[in-house]
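Asks: sequence below, structure please.
(4 chains)
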There are 2 protein chains.
Amino acid sequence: MSSAPRQGLNPRQAETVERLLAAGDQELREVGVDGLTVRTVALRAGVSAATAYTYLSSKNHLFAELFLRLLTDTDPPVPTGKDAVERVQSVIRQTMGSLGSSPELAAGATLALLSTDPDVARLRLRIGAEFVERFRGALGDGADPVVLEALALTFSGALLQAGMGLMTYTEMGERLDAVVATILRGNV
Amino acid sequence: MSSAPRQGLNPRQAETVERLLAAGDQELREVGVDGLTVRTVALRAGVSAATAYTYLSSKNHLFAELFLRLLTDTDPPVPTGKDAVERVQSVIRQTMGSLGSSPELAAGATLALLSTDPDVARLRLRIGAEFVERFRGALGDGADPVVLEALALTFSGALLQAGMGLMTYTEMGERLDAVVATILRGNV
DNA sequence: TTCTAGATTGGACAGGTGTCCAGTCAGGTG
DNA sequence: CACCTGACTGGACACCTGTCCAATCTAGAA
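Replies: Numbering: from 1, shown residues only, chains lettered A, B, ... in the order given. Prediction:
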């Protein structure tokens, strides 16, 4: 836990939020998505359940917040390779790789992000935008918006697939190599 | 409600399941995904909660079952158009169109299908296969498996997007026209 | 018609979610 | 140093999910 994207919190509140998020992260690794309850997270953070709910509107909100941090606390992926295809592939592999380092979180958050909770909806937009930016970074600024949309939809589908455990995030990243090559063929 | 894909049920049980599914469908339309509870569905079906849980392992299972029926009770889409692109586009628009006739169900089921419940996992595979078959029907039997995978991932991403209410299923269907054209370009 | 296997019931149970509120505590201000 | 505002607490609340089981129906076999 490091970056603190929360607005309008005084130092004491910020500290509480940090403790909650750190506890959530720990708890998630130890007991998994299903075993985690808001109250055990609060307990681990040394805070009452009521306090947890002042900062986290739901369990889904907790997951979404952790996921955003997982994405933004990691170094942003660097597109490498000689053409657009290789650059997009490298970005996707790097992104999948960092998600693969916290598979429980990634899987839990993927589901959580689908919640109708307004706090989650906000984060969902932020996260979606982050992915699109990564693809734009790989394709360059003149990127065809339709290509970006195709990549974004494909990627979200892939996230789900991986989240359901049929294959690891890393494996999915490799599998997407062929898919990306196909999508970009004729659209460089 | 009509088709009865359940195995090994005697007529009495089949009747009970039918009533439950019909009640679930109704309830979903009236109170929405969040308002629906297994017990109100059971009540509406004139059956006890215990009985409902005998046939439906969870609320997610109910949604998944209803979604499969929504897909398979409708006439299968007929690919029309002079080339592969148009044929795939037409299949997607028809599919999105029939989902659009029950948006609450489609949205609820899209989420439900992500559950780890084994009964849901079975239905998820069936449903995923159904979509792939539809694309294969549009592309012809020699279809490149990678293209099929790209379409499937994109389509599942699109279902989620539509399920989250940013646009209707019909609008998403139209929007996918451009995406499909882009994906297939160079891959006819 | 009587029997009986199997479907159904009601109601309790353990556990989770998210909400609420009166009361307590702590740190910066005057 | 006493004060007061805002963060935090604890515990109750309503409601949901899924599970369980002894008791009760019910339709077809004998």
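Asks: going forward, measure contacts and count neighbours with C-alpha atoms only.
Replies: Will do.
Asks: in stretch A:67-82, what counts as buried?
Replies: Buried residues in stretch A:67-82, counting neighbours by 16 or more other CA atoms under 10 Å in any protein chain shown, are found at A:F67, A:L68, A:R69, A:L70, A:L71, A:P77, A:P79.
Asks: chain center to that stretch: distance?
Replies: 10 Å (CA atoms, centre = their mean, to the nearest Å).
Asks: repeat for stretch A:36-43
Replies: Put simply, stretch A:36-43 sits 21 Å off its chain's centre (CA atoms, centre = their mean).
Asks: quick check, that stretch touching DNA strand C?
Replies: Yes: for stretch A:36-43, a contact with DNA strand C is found by CA under 7 Å from any atom of the strand, at A:L36, A:T37, A:V38, A:R39.
Asks: identify the farthest-apart pair in the residues you listed.
Replies: A:L36 and A:R39 (8.4 Å; CA to CA).
Asks: most neighbours among the residues of stretch A:36-43 next to DNA strand C, which one?
Replies: A:V38 (21 neighbours; other CA atoms under 10 Å in any protein chain shown).
Asks: not counting residues beside it along the chain, what's closest to that residue?
Replies: Distances taken as CA to CA, 6 or more residues apart in numbering or on different chains place A:K59 nearest to A:V38, at 6.2 Å, with adjacent residues excluded.
Asks: from A:D144, how far off is the one you found?
Replies: Here the criterion is CA to CA, to the nearest Å. By it, A:K59 lies 37 Å from A:D144.
Asks: neighbour count: the two, which is higher?
Replies: Just comparing A:K59 and A:D144: by other CA under 10 Å the higher neighbour count belongs to A:K59, 21 against 14.
Asks: helix/strand/coil for the spatially most central residue of chain A?
Replies: Geometric centre of chain A, nearest residue: A:F67, 4.1 Å, by CA atoms, centre = their mean. Per DSSP: H, G, I helix; E, B strand; the rest coil, the local secondary structure of A:F67 is helix.
Asks: who touches the helix or strand where A:E30 lies?
Replies: In this structure, A:E30 sits in helix A:11-35 according to DSSP states H and E. Contacting residues not belonging to helix A:11-35 are listed as A:1, A:4, A:6, A:36, A:40-42, A:44-45, A:47, A:52, A:55, A:62, A:65-66, A:102, A:104-105, A:108 [CA atoms under 8 Å, 6 or more residues apart in numbering or on different chains].
Asks: 10 Å instead?
Replies: A:1-9, A:36-38, A:40-47, A:51-52, A:54-56, A:59, A:62-63, A:65-67, A:69-70, A:102-105, A:107-109 (CA atoms under 10 Å, 6 or more residues apart in numbering or on different chains).
Asks: show me where chain A has helices.
Replies: A:11-35, A:38-45, A:49-55, A:59-73, A:84-100, A:103-112, A:118-139, A:145-163, A:169-184 (DSSP state H).
Asks: B:G186 is nearest to which of those?
Replies: Across those, closest to B:G186 is helix A:169-184 (CA to CA), at 8.1 Å.
Asks: output the contacting helices and strands for the closest one.
Replies: helix A:84-100, helix A:103-112, helix A:145-163, helix B:145-163, helix B:169-184 (3 or more CA pairs under 10 Å, 6 or more residues apart in numbering or on different chains; DSSP states H and E).
Asks: from what I see, A:L151 and A:F135 are in contact.
Replies: Yes: here A:L151 lies in contact with A:F135, judged by CA atoms under 10 Å, at a distance of 7.7 Å.
Asks: give the contact list for A:R134.
Replies: Per CA under 10 Å, 6+ apart, neighbours of A:R134: A:P76, A:P77, A:V78, A:P79, A:V88, A:V91, A:I92, A:T95, A:G140.
Asks: and if we set it to 8 Å?
Replies: A:P77, A:V91.
Asks: again, but for A:L113
Replies: A:N60, A:H61, A:F63, A:A64, A:V120, A:A121, A:L123, A:R124.
Asks: between those, which is nearest DNA strand D?
Replies: Closest approach between the contacts of A:L113 and DNA strand D, by CA to the nearest atom of the strand: A:N60, at 15.8 Å.
Asks: run a quick neighbour tally on that closest one.
Replies: Neighbour count for A:N60, taken as other CA under 10 Å: 23.
Asks: do you know how far it is from A:G24?
Replies: 11 Å.
Asks: now A:T154
Replies: 29 Å.
Asks: then A:F67?
Replies: Applying CA to CA to A:F67 and A:G24 gives a distance of 11 Å.
Asks: next: A:N10.
Replies: Distance from A:N10 to A:G24, by CA to CA: 21 Å.
Asks: neighbour count for the two, which is higher?
Replies: Taking neighbours as other CA under 10 Å, A:N10 and A:G24 compare with A:G24 leading, 25 against 8.
Asks: dump the contacts of A:L113 to a markdown table, plus distance to A:R29 and pLDDT.
Replies: As requested, the contacts of A:L113 are exported to a markdown table (distance: CA to CA, whole Å; pLDDT from 0 to 100):
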| residue | distance to A:R29 | pLDDT |
| --- | --- | --- |
| A:N60 | 16 | 98 |
| A:H61 | 17 | 98 |
| A:F63 | 12 | 98 |
| A:A64 | 15 | 98 |
| A:V120 | 21 | 97 |
| A:A121 | 24 | 96 |
| A:L123 | 22 | 97 |
| A:R124 | 22 | 97 |
